[in-house]
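Trainee: test case, fold it:
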Amino acid sequence: MTELAEQVRLSVSRCQRRVRELERTGVIAGYHASVDAASLGYGFEVLAFATLSRPDAVAEFDAALAEVPQVIEAQRLFGEPDYLIRLVAPDLDYYQRLYENVLVRLPGLQGLSSTIVMKHAVRARPLPDRPPHALPTELGAES
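Mentor: Residues are numbered from 1 along each chain as shown. Alright, predicted model coming up:
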């Protein structure tokens, strides 16, 4: 907290109050450590795309998906497909068994396709500063 207070040029007590307020209002949603999946034996990452068979299957599908520990992130999408699911596994053989025995049996699932992650070109990172009113010139906007 001391280092943060110095960076934002506030006293430690004012900085703590502001951080607590950001946590209380949900601006700060939580804290986490970034862990290297491969060092824990999960060197295989897959992005799966799921399409549901019917719109009323969403709640049941969400609940079942949340019970699969290898699913480390999932987003419901507009349009097709219905979901983007990020999974980890030790290797291809393990993922194949997970696919055949668990994933394709999820309730309400019509179709599931997947692709193997080759490498992370950009790792998860903090959000940029507040959204600008205009795009910077290097992104093609005029100043």
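Trainee: all strands of the chain, in order?
Mentor: 44-52, 71-76, 83-89, 109-116 (DSSP state E).
Trainee: now these as a markdown table including mean pLDDT, mean neighbour count and distance to residue 12?
Mentor: In short, each C-beta sits where N, CA and C put it, glycine included. Formatted as a markdown table, those follow (pLDDT from 0 to 100; neighbours: other C-beta atoms under 10 Å; distance: least, C-beta to C-beta, whole Å):
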| stretch | mean pLDDT | mean neighbour count | distance to residue 12 |
| --- | --- | --- | --- |
| strand 44-52 | 97 | 18 | 40 |
| strand 71-76 | 97 | 14 | 35 |
| strand 83-89 | 97 | 19 | 38 |
| strand 109-116 | 96 | 13 | 47 |
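Trainee: who are the neighbours in contact with residue 22?
Mentor: residue 28 (C-beta atoms under 8 Å, 6 or more residues apart in numbering).
Trainee: quick one: least confident helix or strand in this structure?
Mentor: helix 2-8 (a mean of 92; mean pLDDT, DSSP states H and E).
Trainee: returning to that earlier point: tell me which of the strands of the chain lies nearest to residue 128.
Mentor: strand 71-76 (19.7 Å; C-beta to C-beta).
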